[in-house]
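Coordinates for the following, if possible.
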Amino acid sequence: MMEGYFVQHPVFNDEEFRTRYRMSHNVFNRISSDLCHYDRYFVQKSDAAKKVGLLLEQKLTCSLRMLAYSAGADQCAEYCGMKKSISIEALQRFTRGIFNLLCNNLNVLAKSPLFDELTVGRAPQIQFQVNNRIHNLGYYLADGIYPRWATFVKTIPRPTRPKDLKFSQAQEGYKKDVKRCFDILQSRFSIVRGAARGWDREDLRYIMLTCIILHNIIVEDKDQRTTIRNWSPMKKRRTI
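Numbering: from 1, shown residues only. From the prediction side, this is the model:
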């Protein structure tokens, strides 16, 4: 593994590294440095018997392979030369480290108190008028899995009237935008697409948030490299 990617003259070039690690060497090195400063778990150490521990590159490679390929802990453990339990621990520490270090790059709300407020009768101050009627609560587009709350506007089943058809088309358009975001994540990180067996709810939360954060960082890095190469204004960021 080290000779393949992490020596002065590796077997595989930068493009192959980017394909297999889902990110450039530059992003990998930045993440490595930040994690080492944040959590000493990622720093190589020796035990009391002078036995040298695992390299940073082993732990990060294991974590990224589990995210990118949805590989099992035992598969990554064999490839990276570590125990299965350590590969699971590495992913847990990796995802929590990424979230705590880089959550400012996350363009979604990790946990919104919005609906907690609605349940007790408090909501943002919104006022608009439709058909000569004043409304003081906002409405949120949702589908059939959400509860029957007055503030949720769900899809109209079998619309026939022109205004119902127009509304349904608009709502479906927004739902497709959300689905595309998840399609992007699933294409880059197979763990998002795979089964969730074996992970508890807290692990799954950090895995999903880490995938979103990494996606945004990778896209920003790609746009910066494209800008430098083409000497053109930075393209619009396709972040989630």
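
The helix or strand residue 219 falls within: which residues count as buried?
Secondary structure assigned from DSSP states H and E places residue 219 in helix 201-230. Residues 203, 206-223 are the ones in helix 201-230 that count as buried (16 or more other Cβ atoms under 10 Å). (Each C-beta comes from the backbone N, C-alpha and C, glycine too.)

As a quick check, tell me the outermost residue of this structure.
For the chain, the residue at maximal distance from the C-alpha centroid (Cα atoms, centre = their mean) is residue 132, at 43.3 Å.

phi, psi of it?
Here is the backbone geometry of residue 132 (degrees, to the nearest 10): phi 60, psi 20.

What does the pLDDT read for it?
pLDDT for residue 132: 83.

OK, contacts around the nearest residue to residue 76 once chain neighbours are set aside?
Nearest residue to residue 76, sequence neighbours excluded (Cβ to Cβ, 6 or more residues apart in numbering): residue 62, at 4.4 Å. With contact taken as Cβ atoms under 8 Å, 6 or more residues apart in numbering, residue 62 is in contact with 76-77, 79-80, 82, 87, 90-91.

Would you check which pair of those lies furthest apart?
79 and 91 (13.8 Å; Cβ to Cβ).

can you give me the helices in the protein?
Using DSSP state H, the helices found in the chain span residues 2-5, 14-21, 25-38, 56-69, 73-80, 84-102, 114-119, 162-188, 190-193, 201-230.

Alpha carbons only: can I get the first one in PDB?
Output of helix 2-5 as PDB, limited to C-alpha atoms (Å, rounded to 0.1, in the frame of the first residue of the first chain):
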ATOM      1  CA  MET A   2       2.700   2.500   0.900                       C
ATOM      2  CA  GLU A   3       4.800   1.700  -2.200                       C
ATOM      3  CA  GLY A   4       1.700   2.000  -4.300                       C
ATOM      4  CA  TYR A   5       0.600   5.500  -3.200                       C
END
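
Flag every buried residue along it.
residue 5.

Show me what that helix is packed against.
Here helix 2-5 touches no other helix or strand, going by 3 or more Cβ pairs under 8 Å, 6 or more residues apart in numbering; DSSP states H and E.

now with 10 Å?
Counting contacts by 3 or more Cβ pairs under 10 Å, 6 or more residues apart in numbering; DSSP states H and E, helix 2-5 packs against helix 14-21, helix 56-69.

can you give me the mean pLDDT across the shortest one?
Confidence for helix 14-21, expressed as mean pLDDT, is 91.

so where's the chain shaky on pLDDT?
The chain contains residues with pLDDT under 70 at 104-124, 195-197, 225-240.

Could you break it into its assigned domains?
The chain breaks down into these domains under automatic domain parsing: 2-105+189-230, 114-175.

before we move on, the earlier item: tell me the most buried of the helices and strands packed on helix 2-5?
Mean neighbours per residue, mean count of other Cβ atoms under 10 Å, is largest over these for helix 56-69, with a mean of 22.

Perfect, I'm done here.
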